[in-house]
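*Asks:* Attaching a predicted model along with its sequence, questions to come.
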Amino acid sequence: MVSLKLQERQSNLNWDYDADADVLYISIGEPKVAEGIDIGEGVIVRVSPQINEVVGLTIIGLSKRVMERMKER
């Protein structure tokens, strides 16, 4: 089984929210070229193939998800 690196807690998280597409992009450090792995439910893990390390996340439909969860309360 191939091991995937997860960095320890980082203070250099960058994020960008595209309101038109309702997508949140989170990068560890500056955004890097990466492969996306769809782990389901609109979450994509971004992995650098050169170092086999998680370098970011993409969350699709963030606003919609938050609003739905708030209604459930």
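*Replies:* Nice, thanks for sending it over.

*Asks:* Flag the shaky bits of the protein, pLDDT-wise.
*Replies:* Counting by pLDDT under 70, the ranges of the chain that qualify are 1-2, 4-10.

*Asks:* Taking the centroid of this structure, which residue is nearest it?
*Replies:* Nearest residue to the geometric centre of the chain (C-alpha atoms, centre = their mean): L57, 1.1 Å.

*Asks:* now for the helix or strand where it lies, which elements pack on it?
*Replies:* Per DSSP states H and E: L57 is located in strand 53-60. Here strand 53-60 touches strand 23-28, strand 43-48, going by 3 or more C-beta pairs under 8 Å, 6 or more residues apart in numbering; DSSP states H and E. The C-beta positions use only the backbone N, C-alpha and C, and glycine is treated the same way.

*Asks:* picking that back up, thought the residue nearest to the centre of the chain was touching R46?
*Replies:* Yes: taking C-beta atoms under 8 Å as the definition, L57 is a contact partner of R46 at 6.6 Å.

*Asks:* quick revisit: can you give me how far the strand holding L57 is from the chain middle?
*Replies:* With C-alpha atoms, centre = their mean, to the nearest Å as the basis, strand 53-60 stands 3 Å off its chain's centre.
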